[in-house]
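Chemist: just coords:
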């Protein structure tokens, strides 16, 4: 630790804080949290027939195979979704993703707050406790 100056540690912590804030922000805003495929295995040659494939995030569900290919639907948090899914398993998994939405949102808020307070502590040396 004696090889690093306080200026280098300050810069390093600010850079890592900004990277963490950016990555959590990207995670909350993208639609690529979950990839799913539903299909059946054909008994003759053991190949899989894909009935539906989708990727979902906190805000949208987009289909890239099946009868609704190319369609994106907003996640319905308070209403029943207007999606016709092949099995109940997919519907239950999407409900679980929607139920978990508050956790990434709170995480984004906490990372942003920590980033701001840490930088205030680094900018104003008389308030060094804020840097921690």
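Modeler: Arrived safely. Remember, it's a predicted structure, so these values are computed and weren't measured experimentally.

Chemist: so who does the residue nearest the centre of the chain touch?
Modeler: Nearest to the geometric centre of the chain sits residue 27, at 3.3 Å (CA atoms, centre = their mean). Residues near residue 27 by CB atoms under 8 Å, 6 or more residues apart in numbering: 33, 104. Glycine gets a C-beta too; all of them are placed from N, C-alpha and C.

Chemist: cool, the one 10 residues further on as well?
Modeler: Contact criterion CB under 8 Å, 6+ apart gives 50, 52, 53, 65 as the residues in contact with residue 37.

Chemist: what about the last one, distance to residue 6?
Modeler: Spelled out, it's residue 65. 54 Å (CB to CB, to the nearest Å).

Chemist: higher neighbour count, the two?
Modeler: The neighbour count for residue 65 versus residue 6, taken as other CB atoms under 10 Å, is higher for residue 65 (15 against 11).

Chemist: and what about that one, helix, strand or coil?
Modeler: Three-state call for residue 65 (DSSP: H, G, I helix; E, B strand; the rest coil): strand.

Chemist: verify the contact between it and residue 53 for me.
Modeler: Yes. Using CB atoms under 8 Å, residue 65 makes contact with residue 53 at a distance of 3.6 Å.

Chemist: please name the bridge partners of residue 66.
Modeler: residue 52 (DSSP bridges).

Chemist: residues contacting it?
Modeler: Residues counted as contacts of residue 66 (CB under 8 Å, 6+ apart) are 38, 50, 51, 52, 53, 86.

Chemist: tell me the pLDDT at the fourth one?
Modeler: Put plainly, it is residue 52. As predicted, residue 52 sits at a pLDDT of 80.

Chemist: just give me the neighbour total for it.
Modeler: 21.

Chemist: which regions of this protein lie under the pLDDT threshold?
Modeler: Applying pLDDT under 70 to the chain flags residues 1-3, 41-42, 45, 47-48, 77-87, 125, 127-132.

Chemist: I'd like to know how far residue 93 sits from residue 25.
Modeler: Applying CB to CB, the value for residue 93 to residue 25 is 24 Å.

Chemist: for residue 106, same thing?
Modeler: 14 Å.
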